[in-house]
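> Mind looking at a prediction? Sequence and model below.
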Amino acid sequence: MRTRQEAIDRAQLILGAISLVVWFIVAFALGVTWLLQGAAEARIIVAGFIALGVAALPWLAYRPLVNRLLR
């Protein structure tokens, strides 16, 4: 049985890792696609911001994940 703090720490680790991977994949895919299409380099920064928004989505599962880890 885990304590609440251990469950919170574990959930943050899991969601942080997922967000990092999602951010890299989305930013890289958009950046490379736009660069190959001849877009300005400034759009690569926009790709990073779009990826940041997408990478934040897994955090919607934070509370259910903590509750699941407490079981």
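On my side now, so go ahead. Residues are numbered from 1 along each chain as shown.
> Give the rounded mean pLDDT of the one helix or strand I18 maps to.
Using DSSP states H and E, I18 maps to helix 4-36. Averaging pLDDT along helix 4-36 gives 95.
> quick one: buried residues of it?
The neighbour-count check on helix 4-36 (16 or more other Cβ atoms under 10 Å) flags A7, I8, A11, L15, S19, V22, W23, V26, A27, L30, G31, W34 as buried. From N, CA and C alone the C-beta is placed, and that goes for glycine too.
> name the helices or strands packed onto it?
Where contact means 3 or more Cβ pairs under 8 Å, 6 or more residues apart in numbering; DSSP states H and E, helix 4-36 is packed against helix 42-56, helix 62-70.
> so how far is that helix from its chain's centroid?
Mean-position distance between helix 4-36 and its chain equals 3 Å (Cα atoms, centre = their mean, to the nearest Å).
> between it and helix 62-70, how many degrees?
Angle of helix 4-36 versus helix 62-70, following axes from the mean of the first three to the mean of the last three Cα atoms, to 10 degrees, is 130 degrees.
> Relative to L30, how far out is the nearest residue to W59 once chain neighbours are set aside?
Excluding the flanking residues, the one nearest W59 by Cβ to Cβ, 6 or more residues apart in numbering is L15, at 5.6 Å. Distance of L15 to L30, computed by Cβ to Cβ, to the nearest Å: 22 Å.
> can you check W23 too?
Distance from W23 to L30, by Cβ to Cβ: 11 Å.
> so what's in contact with those two at the same time?
Shared contacts of W23 and L30 (Cβ atoms under 8 Å, 6 or more residues apart in numbering): A51.
> measure W59 to L69 for me?
From W59 to L69 the distance is 15 Å (Cβ to Cβ).
> Correction: the previous question concerned A29.
Applying Cβ to Cβ to A29 and L69 gives a distance of 31 Å.
> Many thanks, we can stop here.
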